[in-house]
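Trainee: sharing a sequence plus its predicted fold:
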Amino acid sequence: MPVHLEPLDVSADLENFRSVLIVSCPVCPPMCVAMQQNSPFIEFFKRGLKTGAFEDYILSIRKPLEQRGVRTSTYSIHIPTPMMCIWTEWQRSRFLKRARDYEAALVLGCDSATHTVQEVLKNTDCQVIQGMQMIGTTNATLKVRFPLTVELEMHCVLKNGRARQHKTILGGSRKIKKTAS
Ligand code: SF4
């Protein structure tokens with residue numbers, strides 16, 4: 001059951017950092033961005049298993065940062081689980097090793113993905129910023145076209161038991177307060 005996520009404008013929140021690691025959950029976020037942009041989820045012979053619209057979205061965050069001299073990188077892990085909400089201890093410790101060299105971690109994922117990152121980084125100086133907001137749960141039809149193209153036809157977002165049509169909103173990001181260790 002994919003969570004429905006919408007991108008947030010994080011530019012102001014990233015203003016004062018010299019290094020930013022963009023950590024993304026490879027499940028709901030690429031699905032949502034692809035649906036919002038009416039783009040394929042997977043075009044295997046063009047982008048492999050990556051979602052073109054989501055990769056372009058990440059690039060649109062990185063480019064202005066790098067133009068200002070900010071060091072950026074991306075992090076995503078697929079095994080043993082791609083879902084950040086249930087990362088294993090091994091995945092958490094791998095991420096910690098990678099993220100501790102950055103001043104900020106920008107999370108492209110739901111509240112649970114952000115919670116995972118917040119927990120992993122609670123004893124570091126790395127600041128956690130959530131770059132997407134949860135709207136509800138998605139209802140869509142998955143379609144497979146020749147040759148190996150996967151599309152998601154979105155029907156609605158379910159929120160508190162009610163369905164509503166999708167509308168993209170670009171708002172401010174959420175800075176996450178670090179919990180005490
Ligand atoms: S962490 Fe959130 S965004 Fe990722 S799979 Fe779990 S529910 Fe979806």
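Mentor: Great, that's in hand.
Trainee: just the strands in this protein please.
Mentor: 3-9, 19-24, 42-43, 71-75, 104-108, 127-130, 132-145, 149-159, 162-164, 171-172, 174-176 (DSSP state E).
Trainee: so which of those strands is the most surrounded?
Mentor: strand 104-108 (a mean of 28; mean count of other C-beta atoms under 10 Å). To be clear about C-beta, it is placed using only N, CA and C from the backbone, and glycine gets the same treatment.
Trainee: which bits of this structure sit near the ligand?
Mentor: 3, 25, 27-29, 83-85, 109-110, 112-113 (C-beta under 6 Å from any ligand atom).
Trainee: just the buried subset of the residues you listed, please.
Mentor: Buried residues within the residues of the chain next to the ligand, counting neighbours by 16 or more other C-beta atoms under 10 Å: 3, 25, 27-29, 83-85, 109-110, 113.
Trainee: for the spatially most central residue of the chain, give me its contacts.
Mentor: By C-alpha atoms, centre = their mean, the chain has its centre lying nearest to residue 108, at 2.1 Å. The neighbourhood of residue 108, defined by C-beta atoms under 8 Å, 6 or more residues apart in numbering, consists of 22-25, 29, 58, 131-132.
Trainee: nearest spatial neighbour of it, chain-adjacent residues omitted?
Mentor: residue 24 (3.9 Å; C-beta to C-beta, 6 or more residues apart in numbering).
Trainee: which ones are touching that neighbour?
Mentor: With C-beta under 8 Å, 6+ apart, residue 24 has these contacts: 30, 54, 58, 74-76, 107-109.
Trainee: on that earlier part again, in helices, which of the buried ones among the residues of the chain next to the ligand appear?
Mentor: 28-29, 113 (DSSP state H).
Trainee: since that was my last question, I'll sign off now.
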